[in-house]
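K.L.:
next input, structure requested:
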Amino acid sequence: MFGLYGPFHNVFVVGKADFAYSNAPSSISNTLHGASLLLRWSSYWHWFINLSASDYPLVTQDDLLHILSYLPKNFNFINHTNDIGSRELRRMKRISVDPGLYLSAKSEMFYATQKRELPDAYKLFTGSSSAILSREFVEFVVEGTNNLPRIVLMYFSNMPSSQANYFPTVLCNTREFKKTVINHNLHFASWDELSKQKQRSLGLEDISNMIQSGSAFGSGFLLDDPVLDHIDQKLLNRKAGSIVPGGWCLGEADGDSCTVWGDTYILRPGLGAKRLEKRLVELLSNGTFRSQQCVLQ
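P.N.:
Numbering: from 1, shown residues only. Alright, predicted model coming up:
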């Protein structure tokens, strides 16, 4: 498997990763670091998809590439809302200090006793930490001359749950990008029925709902959970110890078909592409997605 990375030049490892707290300001720093490196390394990509360790694909690369190739390249897929509940508003007013921004070893986050007012120079939005962001927007955030991304980044540097708030806030406060937002990150997630606030772990009992959702990814998997093997076998056609086969794999089907390589530009989309296409048609065809873009509550 690892022998494929070198010849195709499509896997890059940052090296020693900086310490980061999940969904805290240091995680935004790591995400922007990765995005800036991808901008530098290659000009041949259109979307930046940031995933967490608990995310897993529900469609193959060929499925995803095939469907995205038909969409405008400036679309940004991210859950977002300005309807922020009182509990989350209280969290946003708290001032937190993230040790991941200045310490090399893990240490607990701590909070100031004072609280601050919410900004009035721009509107706050909250949403999903995982997203599918256009290259145009990533360039705007990392390299752009507009100062808004940096101002918002500084504000969120002292806020808990900032990873889920940063990108939605920048997108929805920028005129040229707010009309490119699709209010769905193409992830399937399940939430605790009682609190509706806590995301629960996905298991084999969720397979049917995952498939019917038409999502590209699932969120909330546990390490080495049996559901991952089921997804590999039934949805991705992946055999143990091998990679997910694509149109460039020309070997025998009863073995590892990717030991023989063909044209990497050839795609062989499968049932996952049909599911994802159906989901996108539901999101885009009736025009209601316009009414869900960066709505102020």
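K.L.:
residues touching residue 156, list them.
P.N.:
Applying Cβ atoms under 8 Å, 6 or more residues apart in numbering, we find residue 156 in contact with 25, 28, 162, 165, 166, 169. For the C-beta atoms, the positions are set from N, CA and C on the backbone; glycine is no exception.
K.L.:
just name the closest of the residues you listed to residue 249, please.
P.N.:
For the contacts of residue 156, the minimum distance to residue 249 (Cβ to Cβ) is 36.6 Å, reached by residue 28.
K.L.:
quick one: secondary structure of the closest one?
P.N.:
Following DSSP: H, G, I helix; E, B strand; the rest coil, residue 28 is assigned to helix.
K.L.:
my read: it touches residue 166, true?
P.N.:
Yes. The criterion here is Cβ atoms under 8 Å, and residue 28 meets it with residue 166 at 5.2 Å.
K.L.:
between the two, which one's more packed in?
P.N.:
The neighbour comparison of residue 28 against residue 166 (other Cβ atoms under 10 Å) goes to residue 166, with 27 against 24.
K.L.:
just checking, the more buried one touches residue 152?
P.N.:
Yes. Contact criterion Cβ under 8 Å: residue 166 and residue 152 qualify, at 6.4 Å.
K.L.:
end to end on stretch 278-295, go ahead and measure it.
P.N.:
25 Å (Cα to Cα, to the nearest Å).
K.L.:
over to stretch 135-152?
P.N.:
19 Å.
K.L.:
tell me the buried residues in that stretch?
P.N.:
Under the neighbour-count criterion of 16 or more other Cβ atoms under 10 Å, stretch 135-152 has 135, 136, 137, 138, 140, 141, 142, 148, 149, 152 buried.
K.L.:
OK, contacts around the first one?
P.N.:
In other words, residue 135. Here residue 135 is in contact with 39, 45, 46, 47, 48, 73 (Cβ under 8 Å, 6+ apart).
K.L.:
which stretches in the stretch 51-200 of the chain count as helices?
P.N.:
Counting by DSSP state H, counting those that start in this stretch, the segments of the stretch 51-200 of the chain that form helices are 61-68, 86-93, 135-143, 148-156, 163-172, 175-178.
K.L.:
closest one to residue 54 among those?
P.N.:
Using Cβ to Cβ, the nearest of the helices of the stretch 51-200 of the chain to residue 54 is helix 163-172, at 13.5 Å.
K.L.:
now the closest one, how far from the chain's geometric center?
P.N.:
12 Å (Cα atoms, centre = their mean, to the nearest Å).
K.L.:
CA atoms only: put that helix into PDB for me.
P.N.:
The C-alpha coordinates for helix 163-172 follow below in PDB (Å, rounded to 0.1, in the frame of the first residue of the first chain):
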ATOM      1  CA  GLN A 163     -13.200  25.000  15.000                       C
ATOM      2  CA  ALA A 164     -17.000  24.600  14.300                       C
ATOM      3  CA  ASN A 165     -17.400  28.400  14.100                       C
ATOM      4  CA  TYR A 166     -14.500  29.800  12.200                       C
ATOM      5  CA  PHE A 167     -15.200  28.700   8.600                       C
ATOM      6  CA  PRO A 168     -19.000  29.300   8.700                       C
ATOM      7  CA  THR A 169     -18.400  32.800  10.200                       C
ATOM      8  CA  VAL A 170     -15.800  33.800   7.500                       C
ATOM      9  CA  LEU A 171     -17.900  32.400   4.700                       C
ATOM     10  CA  CYS A 172     -21.100  34.000   5.700                       C
END
